[in-house]
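Asker: Curious how this folds, go ahead:
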Amino acid sequence: MSLPAAADPGVGAALEPPAATGRPRGYGRYALGKVAGSLASLGFVLVVNFFLFRVLPGDPARTLGRGRFTTDEQLDAFNETYGLDQPLPQQFLTFLGNTLTGDLGVSLRYRVPVSELIWDRLWPTLMLVGTATLFAALIGIWLGVHAAWRRGGPLDRISTSASLTVYSMPEWWLGLLLIAALSVGIGPLPGLFPTGGLRSVDADPSSLAGVLDTAWHLTLPVFTLTLAYLADYALVMRSSLLDEIGEDYLTTARAKGLRDKVVRNRHAVPNALLPTTTVVALNFGFVVAGAITVETVFSIPGLGLLATEALEVPDYWVLQGVFLVASAAVIVANLAANLLYGLLDPRVRT
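Answerer: Okay, the predicted model is just below:
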């Protein structure tokens, strides 16, 4: 008498489902792994930040002194003041200890602590680049949604061509064109905006008139960066939404009788926003790095212009501080994007 089919080992093995290749992790474990990776990246940045300006050939004291030190006593005093007379491992330990306490050294050019200098220059950069990034993200996502939903229509063709054209222009060149057209004036058209600077000389930044004056001075540089960043968000959002348009769940939503606008806003756009969320978070991390060319063209005293001025000296301690702050901001923004993405889409925790 033969065994039933269910008792046959071969048949039973064939009926078993394939083993899972992975299983979802809890959000806490996922977040802990991302935080650990970010801390490792920050540690690597600290190491690079220390050795980057110490592997250059020549004597640092003579390079930084720019020929001002004519005697050995002056060189020894400079090395002792900035800790350059210590062995390299000791310098690195001192650098780590000072960085963890917020001591980034003293600027050679301005003779003030680097942390205070960066703090003063941080706010113009946040106002300029942060505002432009926010406007570019909002306008770009709106353009990407409507261009993809009406693919091949007039808005799609015009917005895609215009954003790519502006995106291909160097930021400094676009800024110079806008200064020539809207600040200096062309023909009978008078200049409407200031040519540069953060505020007028006689403006009180703490008063309402001073705030409005600052906003007026930032209008043109913010407009320049908004145009430069716009295509990044518009094209990513358009591509992401186009991938969602042919999915079955949208067909099911339409079969239920939902209006086209409701299908787009309630079902398609939330899923298409996931890749764009990462782009937005990362770009906000680059806000702290500043916009060197635009800040230089419009004479905005931000971190980008500070880095340019530090290269002229060269002011190694300012360069170290700016590099560290900008890198840390990108790492934190990347961590925030990963944490948010894992919260919005549990599939990435598999």
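Asker: C-terminal to the top helix by length along the chain, what's the next element?
Answerer: The residue-count maximum for a helix in the chain (DSSP state H) belongs to helix 208-245. Next helix or strand after helix 208-245 toward the C-terminus (DSSP states H and E): helix 248-255.
Asker: Pull the number of nearby residues for the residue nearest to Gly105 when sequence neighbours are not counted.
Answerer: With CB to CB, 6 or more residues apart in numbering as the criterion, Gly105 has its nearest non-adjacent residue at 3.5 Å, and that residue is Trp317. C-beta coordinates here come from the backbone N, C-alpha and C atoms, glycine included. Other residues within reach of Trp317, judged by other CB atoms under 10 Å, total 21.
Asker: in the host helix or strand of Gly140, what counts as buried?
Answerer: Per DSSP H and E: Gly140 is located in helix 131-149. Neighbour-count burial for helix 131-149 flags 131-137, 139-141, 143-149 (criterion: 16 or more other CB atoms under 10 Å).
Asker: for stretch 77-90, same thing?
Answerer: Of the residues in stretch 77-90, those scored as buried under the neighbour-count criterion (16+ other CB under 10 Å) are 78-79, 82, 84.
Asker: What is the nearest of those residues to Arg259?
Answerer: Tyr82 (67.9 Å; CB to CB).
Asker: OK, contacts around the closest one?
Answerer: Tyr82 makes contact with 105, 317, according to CB atoms under 8 Å, 6 or more residues apart in numbering.
Asker: what's the distance between it and Phe92?
Answerer: 14 Å (CB to CB, to the nearest Å).
Asker: pLDDT score assigned to the residue nearest to Gly105?
Answerer: Confidence per residue is given as pLDDT, and for Trp317 that number is 84.
Asker: elements contacting the helix or strand harbouring it?
Answerer: Trp317 is located in helix 316-344, with elements delineated by DSSP H and E. Applying 3 or more CB pairs under 8 Å, 6 or more residues apart in numbering; DSSP states H and E, we find helix 316-344 packed against helix 27-52, helix 114-125, helix 269-285, helix 303-312.
Asker: List just the one of the ones you listed that sits closest to Ser200.
Answerer: Put simply, out of those the one that sits nearest Ser200 is helix 114-125, at 14.7 Å, with distance taken as CB to CB.
Asker: That closest one to helix 208-245, inter-axis angle?
Answerer: Going by axes from the mean of the first three to the mean of the last three CA atoms, to 10 degrees, helix 114-125 is angled at 70 degrees with respect to helix 208-245.
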